[in-house]
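S.K.: Let's see this in three dimensions:
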Amino acid sequence: MKLQQLKDQLNSIYLGKPDVIDLCLTALIAEGHILLEDVPGTGKTMLAKALAQSFESAFSRIQFTADLLPSDVIGSDFFNLKTQEFENKRGPLFANVVLIDEINRAVPRTQSALLEAMEERQVSIGGTTYQMPAPFFVIATQNPIESAGTFPLPDAQLDRFMVAIEVGYPDFENERRLLSEILTNVRRSAVGIASGGDLISWQEEARRVHASQDVLDYLLHIVQATRNHELIEVGVSPRGAIALLRASQSYAFLNQRDFIIPEDIKYLAKHVLSHRLTLTLEGGIKTTKAAVLTHILDDVPVPVEMG
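M.R.: Numbers count the residues shown, from 1 in each chain. All right, here's what the predicted structure looks like:
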């Protein structure tokens with residue numbers, strides 16, 4: 001199966017992080033976008049490139065900086081002196097897989113230029129609307145440690161990312177394997193395994209994955225709990241609930257099931273919901289978003305399937 005070949009290839013390139021790869025493929029199949037949060041040098045850019053190359057898709061990389069304008073990202077209209085007409089020049093955002101490096105370094109005006117493209121799969125340039133290519137998938141990275149010269153993403157922007165993943169460092173064995181491959185010059189590079197058409201068909205199949213009423217109720221109990229928690233000022237929106245449902249369908253499909261189990265929701269919730277929460281002032285001092293969500297997941301009873 002192409003999907004298994006794809007997973008195997010990505011795991012052989014991005015060593016020791018099968019959970020990160022599963023989450024990336026889950027978001028990809030669920031037609032969502034990914035925010036990778038971690039320190040520089042943990043392989044975020046390499047992972048995004050490997051994903052794009054595996055799908056034989058058009059790949060584009062945009063380095064966000066403080067002086068980047070919206071037109072540098074989405075494109076603009078210009079006057080052609082030869083033809084005496086206005087023509088459109090599309091920006092680097094028009095690709096299947098778009099890697100946005102250090103998204104929090106651009107000014108809010110440029111960040112907001114992404115909103116329409118990410119949510120509506122279209123952009124407006126000079127009064128004309130242009131559709132994004134299909135499939136369209138944004139992987140954005142940011143360094144959560146360094147704050148000088150950065151502009152934190154507004155909640156509306158964060159809500160557009162289906163999953164937020166902390167990549168983390170590799171363990172000892174996998175880092176040793178990485179260094180050995182560098183020494184012997186045997187680092188693998190990604191080759192095209194699946195096409196954009198394959199991905200679109202997987203997305204259609206994932207949408208048909210079944211969710212029982214008990215599973216839906218469990219999902220909603222988690223979402224409702226985030227809205228009523230004393231340390232959370234703004235809980236998960238209906239968009240967040242839909243994102244968790246879509247991600248759970250995709251994750252079940254990735255694991256060769258045609259139905260969602262409660263464990264899918266419990267596992268994905270911390271990656272799909274954490275970044276959508278806004279803590280109160282007291283909550284921000286006492287704890288973290290991930291810790292509050294873990295507490296909620298421990299409190300909400302998991303439905304048990306009766307045989």
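S.K.: quick one, what contacts the closest residue in space to His275 that isn't next to it in sequence?
M.R.: Distances taken as C-beta to C-beta, 6 or more residues apart in numbering put Ala164 closest to His275, at 3.9 Å, once the chain neighbours are dropped. C-beta: built from backbone N, CA, C; applies to glycine. Counting by C-beta atoms under 8 Å, 6 or more residues apart in numbering, Ala164 touches 34-35, 37, 158, 271, 274-275.
S.K.: repeat that for 7 Å
M.R.: Residues in contact with Ala164, defined by C-beta atoms under 7 Å, 6 or more residues apart in numbering, are 35, 37, 271, 274-275.
S.K.: now, which of the residues you listed lie within helices?
M.R.: Mapping these onto helices (DSSP state H) picks out His271.
S.K.: what's the closest of the contacts of Ala164 to Ser60?
M.R.: Ser60 has its nearest neighbour among those in Leu35, at 17.3 Å by C-beta to C-beta.
S.K.: so that closest one sits right up against Phe161, yeah?
M.R.: Yes: applying C-beta atoms under 7 Å as the test, Leu35 and Phe161 come out as touching, 4.2 Å apart.
S.K.: can you list residues touching both of the two?
M.R.: By the contact definition C-beta under 7 Å, 6+ apart, Leu35 and Phe161 are jointly contacted by His275.
S.K.: returning to that earlier point: closest to Arg227 among the contacts of Ala164?
M.R.: Using C-beta to C-beta, the contacts of Ala164 come closest to Arg227 at Ser274, 14.8 Å.
S.K.: before we move on, back to that, and the least confident of the contacts of Ala164?
M.R.: Minimum pLDDT across the contacts of Ala164 is recorded for Glu37, with 84.
S.K.: For it, give me its contacts.
M.R.: Taking C-beta under 7 Å, 6+ apart, we find Glu37 in contact with 142, 144, 164, 166.
S.K.: With Ile265 instead?
M.R.: Counting by C-beta under 7 Å, 6+ apart, Ile265 touches 215, 218-219, 244, 248.
S.K.: No more questions from me, cheers.
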